[in-house]
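>>> got a structure for you, letters missing:
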């Protein structure tokens, strides 16, 4: 696959423009672009979407991703094309932001539950797990990243990606965009983007769970 056919999609969950999440995400995408990939930054705060309504097993009958059509349509289209997926979020109460969680929940239908021949439940994987995935988390010095990482790992699996790396930016202050003063951290974000712009992964074996 040529570099020009690679697409790194960033889904960021900061509710504030100019935040550390935004700046680090843009640095990562700059790294991906420098490596020759196309990039797209989808900011959850700018998306007009309905919360997941838990419609049940495959309500579309295998035609499309969701019965509701809103800004998630462009998220599905971007993720379908993506070869790399970056999830970027502040850590709130040990989890992703509310804005980002809306997007994550609405992606449940990408690997929908279906009724198996024996009457049980199975999951139909729509996309092979060849996408490179990474988490960029901004959090306080005493916060834990692990619950957020578990959520993101499951989400990435569901959209055909594997979590390869986690970049944590810990800061004790409340300065908006304070990471702009941290050249080393910005370079780490650019390096993360370069990695996401790499060749797609070999297909992973099917998994029955969100991992």
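Sure, I can see it. All figures in this text were calculated on a predicted structure; none of them were measured in a lab. Numbers count the residues shown, from 1 in each chain.
>>> all helices for the protein, in order.
Taking DSSP state H as the criterion, the chain carries its helices at 20-34, 72-81, 98-106, 146-158, 183-196.
>>> ok, what's across the strand from the most centrally placed residue in the chain?
Centroid check for the chain by Cα atoms, centre = their mean gives residue 87 as the closest residue, at 3.5 Å. Per DSSP bridges, the residues bridged to residue 87 are residue 11, residue 135.
>>> That one against residue 133, yeah?
Yes - between residue 87 and residue 133 a contact is recorded at 7.3 Å, counting by Cβ atoms under 8 Å. No exception for glycine: its C-beta is placed from N, CA and C like everyone else's.
>>> Any chance you could list residues touching both of these two?
Residues touching both residue 87 and residue 133 (Cβ atoms under 8 Å, 6 or more residues apart in numbering) are 152, 156.
>>> how many neighbours does residue 166 have?
Around residue 166 there are 17 other residues, counting by other Cβ atoms under 10 Å.
>>> which one is it nearest to, not counting chain neighbours?
Excluding its sequence neighbours, the residue lying closest to residue 166 (Cβ to Cβ, 6 or more residues apart in numbering) is residue 135, at 4.5 Å.
>>> so residue 40 makes contact with residue 12?
No - using Cβ under 8 Å as the test, residue 40 is too far from residue 12 to be in contact (11.1 Å).
>>> quick one, which of the two is more surrounded?
Legend: neighbour count by other Cβ under 10 Å for residue 40 and residue 12, higher for residue 12 (28 against 16).
>>> how about the nearest residue to the more buried one, chain neighbours excluded?
Residue 12 sits nearest to residue 88 (Cβ to Cβ, 6+ apart), 4.2 Å away.
>>> isn't the one you found right up against residue 26?
No - in this structure residue 88 lies outside contact range of residue 26 using Cβ under 8 Å: 9.7 Å.
>>> Partner strands of the helix or strand of the chain with the lowest mean pLDDT, with direction?
Across the helices and strands of the chain, the lowest-confidence element by mean pLDDT, DSSP states H and E is strand 113-115, at a mean of 84. The strands beside strand 113-115 in its sheet (DSSP bridges) come out as strand 121-123 (antiparallel).
>>> can you tell me how far residue 122 sits from residue 64?
19 Å (Cβ to Cβ, to the nearest Å).
>>> go on, residue 151?
Distance from residue 151 to residue 64, counting by Cβ to Cβ: 25 Å.
>>> what's the answer for residue 168, then?
Counting by Cβ to Cβ, the gap from residue 168 to residue 64 is 36 Å.
>>> Those two - which one has more neighbours?
Each of residue 168 and residue 64 has its neighbours counted (other Cβ under 10 Å); residue 168 has more, 16 against 12.
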